[in-house]
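Asks: sequence and predicted structure, then a few things I'm wondering about:
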Amino acid sequence: MSEAAVELVSPGGQTTNPHGSVETPLAVQGVTVSYGEKPAVFSVDASIPAESMTAIIGPNGAGKSTLLKAVLGIVPRLSGSVTVFGEPFTRARHRVAYVPQRASVDWDFPTRVIDVVMMGLFRELGLLKLVRREHHKTALACLERVGMVDFAQRQIGQLSGGQQQRVFLARALAQNADLYLLDEPFAGVDAATERAIIDVLKSLKADKRTVVCVHHDLATVADYFDHVLLINVRKMAEGPVATTFTGKNLQKTYGGRLATAHIDQLNLSAA
Ligand SMILES: Nc1ncnc2c1ncn2[C@@H]1O[C@H](COP(=O)(O)OP(=O)(O)OP(=O)(O)O)[C@@H](O)[C@H]1O
């Protein structure tokens, strides 16, 4: 029997291999993606620790979204490999939930909030896609977790930006995944929604899930995350926030685009 076949899934959803060590939720090696002549992501390596909250940080156009899409197979890789809990993504996709950038979704599509969340249950609905009472209850419970249960019957086009973001998070929760990949979950949301989203993400981590977010607000990195991946087409740095989210690494990643005064305000180590 192969090692993969005898993987053990612990109660928290964590995978250990037969030797008892925890599989890396996401390992990226030498990934290069190009939309044209110039690579958008060049030879990026990353190793996302289990049960961590990771921020992918870098300037506009640095390739952060592209890296997530390459992990998910939405855009083709020119080179490199991706493993999810020690397996190719195609074998582990059921363990991954993705929340895309809000702007990339067609919100005019005529569908209700509850139906969007139900999409997260597609694996449970079976071949006939029969929605049973318990599926409905699960979807409502996920909406409850993001404070959107009263909006279940609303058309998605009639939601505010922050409400849309919460609904997509509810869909991801319905997937009951082990690895959550979110592309700018806090973009354009108010303080209350940001608090609601970070509370849900922290509860996922407490439940032994792994969370990875593309993130722009440097002021909240130390509070929200414990691991960072800094990229600007290439990987600039990766590691624990405490030792990697430093003024020097931010200068390296953003170059002249980030004023020294802004870095000073973050009260980071200059190392
Ligand atoms: N579908 C596409 N076709 C062509 N070029 C693309 C496409 N998507 C992204 N790009 C380009 O690839 C580069 C990386 O884009 P990407 O969206 O991954 O950056 P990002 O770091 O997520 O940026 P932002 O912080 O602005 O969201 C950019 O130069 C962008 O213009």
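Replies: Received, thanks.

Asks: how about stretch 36-50 and the ligand, any contact?
Replies: Yes. Using CB under 6 Å from any ligand atom, stretch 36-50 comes into contact with the ligand via residue 40. C-beta: built from backbone N, CA, C; applies to glycine.

Asks: what sits up against that stretch?
Replies: 14, 22-34, 54, 61, 63, 66-67, 70, 78-80, 179, 208, 210, 212, 227, 229, 231, 233-235, 238 (CB atoms under 8 Å, 6 or more residues apart in numbering).

Asks: repeat that for 6 Å
Replies: 22, 24-33, 54, 63, 66-67, 210, 212, 227, 229, 233-235, 238 (CB atoms under 6 Å, 6 or more residues apart in numbering).

Asks: same deal with stretch 106-113?
Replies: With CB under 6 Å, 6+ apart as the criterion, stretch 106-113 contacts 151, 152, 153, 154, 156, 157, 167.

Asks: buried residues in that stretch?
Replies: 112, 113 (16 or more other CB atoms under 10 Å).

Asks: what does stretch 64-83 give?
Replies: Buried, per 16+ other CB under 10 Å, within stretch 64-83: 64-72, 75, 77, 80, 82-83.

Asks: in the stretch 51-200 of the chain, which spans are helices?
Replies: 64-72, 89-92, 113-119, 133-145, 161-174, 191-206 (DSSP state H, counting those that start in this stretch).

Asks: pLDDT on stretch 226-239, on average?
Replies: Stretch 226-239 shows a mean pLDDT of 97.

Asks: for it, measure first residue to last.
Replies: 9 Å (CA to CA, to the nearest Å).

Asks: from the chain's centre, how far out does that stretch sit?
Replies: Distance, stretch centre to chain centre, for stretch 226-239: 15 Å (CA atoms, centre = their mean, to the nearest Å).

Asks: just to revisit the earlier point, out of the contacts of stretch 36-50, which are buried?
Replies: Looks like the contacts of stretch 36-50 have 22, 24-28, 31-33, 54, 63, 66-67, 210, 212, 227, 229, 233-235, 238 buried, using 16+ other CB under 10 Å.

Asks: those residues: which ones sit near the ligand?
Replies: Near the ligand, by the rule CB under 6 Å from any ligand atom, you find 63, 66 out of these.

Asks: what about the buried ones among the contacts of stretch 36-50, which are in helices?
Replies: 66, 67 (DSSP state H).

Asks: now, which of the buried ones among the contacts of stretch 36-50 lie within strands?
Replies: Residues of these located in strands (DSSP state E): 26-28, 31-33, 54, 210, 212, 227, 229, 234-235, 238.

Asks: of the residues you listed, which is the nearest to residue 99?
Replies: Residue 99 has its nearest neighbour among these in residue 212, at 10.5 Å by CB to CB.

Asks: for the residue nearest to that closest one when sequence neighbours are not counted, name its beta-bridge partners.
Replies: In this structure, residue 212 finds its nearest non-sequential neighbour in residue 54, 4.6 Å apart by CB to CB, 6 or more residues apart in numbering. Here residue 54 sits in beta bridges with residue 212, residue 227, going by DSSP bridges.

Asks: so residue 54 makes contact with residue 230?
Replies: No. Contact criterion CB atoms under 6 Å: residue 54 and residue 230 do not qualify, at 11.1 Å.

Asks: up against the ligand, what does the chain have?
Replies: 35, 40, 58, 60, 61, 62, 63, 64, 65, 66.

Asks: okay if I get the residues you listed as a markdown table plus distance to residue 145 and pLDDT?
Replies: Putting the residues of the chain next to the ligand into a markdown table (distance: CB to CB, whole Å; pLDDT from 0 to 100) gives the following:
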| residue | distance to residue 145 | pLDDT |
| --- | --- | --- |
| 35 | 36 | 95 |
| 40 | 34 | 97 |
| 58 | 30 | 96 |
| 60 | 31 | 93 |
| 61 | 34 | 94 |
| 62 | 31 | 96 |
| 63 | 31 | 97 |
| 64 | 26 | 97 |
| 65 | 25 | 96 |
| 66 | 30 | 97 |
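
Asks: thanks again, I'm all set now.
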